[in-house]
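Undergrad: A predicted structure for the sequence below; I have some questions about it.
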Amino acid sequence: MPDPEKKPRDHWDKLQILIAGLMPLALFGLGAIGNRALQEDQRRRAYVELLSRREEAESNLRKDMFGKVIEQFIGTGKGDLDTRILNLELLAYNFHESIDLEPLLRQVYVQAWSDSRATTQQRKRLQKLAQDISAREIDALRESSCIKEGYLDFDTLQRENVALKVIQDNCGPHGGLHGKWFRVDAMTNPEVTDLRRQTEVDVVLSVRPNEKALNEEKRLSFTVSPFDFPMIDNVRLEDRSRVSLIMSRVDDGGVMLTLVYFPGSRTSLKDKPFHDEVLRTLDESGIR
């Protein structure tokens, strides 16, 4: 028998019951959203801290190595050619991604040709050092890059003064890279009288979004030597990618020119990102 004093529930009573039931779910949802925001903030802080530590590590490395480099290579009377080559090998094999070694390598290589006591074995040792470093950096970049090769013959270059289309090929979209078309033309440097001795050539690198985009072509002129390495010696393109041209192999007849097109994120520790690039990366990754 119904209780006459008990009032029937109206719509407001039912709404209160519904709200009371949904309240835990709402609190759970708000907690999940807050936790996600906290995680994103932690990720952002970790990313910024990583960049800061990276810059700090680079600064400490440069500070520690500067004195040693000055002492070993700028000071007078500091060791014979074999000692200088050994010090250069230790420096290059351990710090090639952090320090631009091209001036030191070039200086010692010139000494190896100008010193009457220098031997062919010592010069070959320097060439092998340069090729080993190039090979290491190419292997480190290979998975995320586009690599093209072309052989440059010394006799042909000295006879004709120019070698056209040493490299001419497309690099399709790959690993975040935009598709591009590259062409490399080589010329003799008027100051270089013996290519086998100085092993240095002037090149013109042409870059287009594709082979038919003639009106969008950009030309870059520079000199390539055996002591240029892709992670250090590269050109920044407009989409933040990088392109490098190196001599990956040197022999008595000529050199193998290797073009390496790779993402800007794979550059050396020496090459710090600009502030706007850091912010853009944060936006693209959803960390900010």
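TA: Right, received. Where do you want to start?

Undergrad: next, count neighbours for Lys124.
TA: Per other C-beta atoms under 10 Å, the neighbour tally for Lys124 reads 12. (C-beta placed from N, C-alpha, C; glycine too.)

Undergrad: pLDDT at Leu220, what is it?
TA: According to the prediction, Leu220 has pLDDT 94.

Undergrad: how many other residues sit next to it?
TA: Residues near Leu220, counting by other C-beta under 10 Å: 13.

Undergrad: with Thr119 instead?
TA: The number of residues packed near Thr119 is 12, by other C-beta under 10 Å.

Undergrad: residue contacts, it?
TA: Shown in contact with Thr119 (C-beta atoms under 8 Å, 6 or more residues apart in numbering): no residues.

Undergrad: so that it lines up with my notes, have the first residue be 735 from now on.
TA: Sure, I'll start numbering at 735, so the last one becomes Thr853.

Undergrad: for Leu860, see how far away it is.
TA: 11 Å (C-beta to C-beta, to the nearest Å).

Undergrad: same question for Asp873.
TA: Relative to Leu860, and taking C-beta to C-beta, Asp873 is found at 21 Å.

Undergrad: what residues does stretch 834-846 touch?
TA: 803, 807, 815, 818-819, 822, 825-826, 829, 852, 856-857, 860, 863-864, 867, 959-963, 966-967, 1004.

Undergrad: mind checking which of those residues are in helices?
TA: 803, 815, 818-819, 822, 825-826, 829, 856-857, 860, 863-864, 867 (DSSP state H).

Undergrad: as TSV, the residues you listed with distance to Asp973 would be great.
TA: Formatted as TSV, those follow (distance: C-beta to C-beta, whole Å):
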residue	distance to Asp973
Val803	35
Leu815	44
Arg818	41
Ile819	40
Leu822	35
Leu825	33
Ala826	31
Phe829	29
Gln856	43
Arg857	40
Leu860	36
Leu863	33
Ala864	30
Ile867	27
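
Undergrad: quick revisit: neighbour-wise, which of Asp873 and Leu860 wins?
TA: Comparing Asp873 with Leu860 by other C-beta under 10 Å, the one with more neighbours is Leu860, at 25 against 9.

Undergrad: please name the nearest non-neighbouring residue to the more buried one.
TA: Tyr843 (5.1 Å; C-beta to C-beta, 6 or more residues apart in numbering).

Undergrad: need the pLDDT of the one you found.
TA: 89.

Undergrad: Three-state assignment for it, please.
TA: helix (DSSP: H, G, I helix; E, B strand; the rest coil).

Undergrad: number of nearby residues for Thr927?
TA: Residues within reach of Thr927, counting by other C-beta under 10 Å, total 10.

Undergrad: and Glu823, by the same measure?
TA: The burial count for Glu823: 16, using other C-beta under 10 Å.

Undergrad: wait, it sits on Ala864?
TA: No: counting by C-beta atoms under 8 Å, Glu823 stays clear of Ala864, with 10.7 Å between them.

Undergrad: re the thing from before, just the buried members of the ones in helices among the contacts of stretch 834-846?
TA: Neighbour counting with 16 or more other C-beta atoms under 10 Å marks 803, 815, 818-819, 822, 825-826, 829, 856-857, 860, 863-864, 867 as buried within the ones in helices among the contacts of stretch 834-846.

Undergrad: in what helix or strand does Leu954 lie?
TA: strand 952-958 (DSSP states H and E).

Undergrad: what comes up buried for that strand?
TA: Val958.

Undergrad: stretch 886-893 too?
TA: 886, 888, 891.

Undergrad: next step: the residues you listed restricted to strands.
TA: Here DSSP state E is the test, and the buried residues of stretch 886-893 give Leu886 as lying in strands.

Undergrad: which one of the buried residues of stretch 886-893 is nearest Arg1000?
TA: Nearest to Arg1000 among the buried residues of stretch 886-893: Leu886, at 25.8 Å, using C-beta to C-beta.
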